[in-house]
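Enquirer: What follows is a predicted protein model with its sequence.
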Amino acid sequence: MDDQRYVLTVPAVIAAIHRLSQRKSHEHFPGYLLLHHLGVAQKVHVDSAALNQARLSYLRVGGAPDKRPFIQAFRSRGRGPKLDNANSAGSYGAESIRSGQTLAKVVGTAKSRRTASGITYRFKPNHASVALSAMLDGRRLPAGATAAFLLRDYAFAIDPQNPGELVAAFKEWLRMDGNAAGQGTFDTLFEDDSAEYGADDFEPVGA
């Protein structure tokens, strides 16, 4: 394979967002995945400022209204994608993660000397199994569709003739590719839907 990189086509992304938004899932699940991307499972110290920056990078939509800049494909109520308000970042703050809330079932906080806020996120024991039950209604998500949503602006160094590499790239992005524990987390949360993608779902960067 050469050094050419590929992005998902707009129709592929739209189809993925529609597919995800037709399922019952919790609005905080993307944040949970972003915490994986940021390395919380590897004990990297991550606070709400870092998480909010990741949300700006992966969930904000260009051209959306300033008051509702985030695309939300995960819905616990209703169906279909919607735009989320700019103040939604506050729901991930340490003071907002309270006992009884869904997010608090999988994520907690601890004191840290490595973050500006003095707080870091930490995953709770068996967080993947709890997330499957509490955030995904017991149904694993399609990995390719989730990748197409979160990484819609990301260029992949993959062979478009082998869409299975999309799922592999997503697993790496989530930092779930390094050991058996990461693989177990991925298998708990996702099913491989790469067979539903083909070369026509990708286009070369710069084309």
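Expert: Okay, I see it.
Enquirer: show me where pLDDT drops low in the protein?
Expert: 1-2, 86-90, 207 (pLDDT under 70).
Enquirer: Show me the domain layout of it.
Expert: 1-23+139-207, 24-123 (automatic domain parsing).
Enquirer: Reformat those domains as TSV; add distance to residue 130.
Expert: Yep, even glycine has a C-beta here, placed from its N, CA and C like the rest. Listed next are the domains of the chain as TSV, based on distance: least, CB to CB, whole Å:
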stretch	distance to residue 130
domain 1-23+139-207	10
domain 24-123	5
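Enquirer: from what I can see residue 143 touches residue 193, true?
Expert: Yes: with contacts counted by CB atoms under 8 Å, residue 143 reaches residue 193, the gap being 6.2 Å.
Enquirer: what touches both of the two?
Expert: residue 167 (CB atoms under 8 Å, 6 or more residues apart in numbering).
Enquirer: How far does stretch 136-144 sit from its chain's centre?
Expert: With CA atoms, centre = their mean, to the nearest Å as the basis, stretch 136-144 stands 12 Å off its chain's centre.
Enquirer: what's that stretch in contact with?
Expert: Taking CB under 8 Å, 6+ apart as the rule, stretch 136-144 contacts 16, 19-20, 23-26, 29, 132, 163, 166-167, 170-171, 186, 188-194, 196-197.
Enquirer: Give the helix, strand or coil label for residue 121.
Expert: Local secondary structure at residue 121 is given as strand here, using DSSP: H, G, I helix; E, B strand; the rest coil.
Enquirer: residue contacts, it?
Expert: 35, 40, 46-47, 51, 107-109.
Enquirer: so which of the residues you listed is the most crowded?
Expert: residue 35 (24 neighbours; other CB atoms under 10 Å).
Enquirer: Who are the contact partners of it?
Expert: With CB under 8 Å, 6+ apart, residue 35 has these contacts: 46, 51, 107, 121, 123.
Enquirer: so which helix or strand takes in it?
Expert: Taking DSSP states H and E as the definition, residue 35 sits inside helix 29-38.
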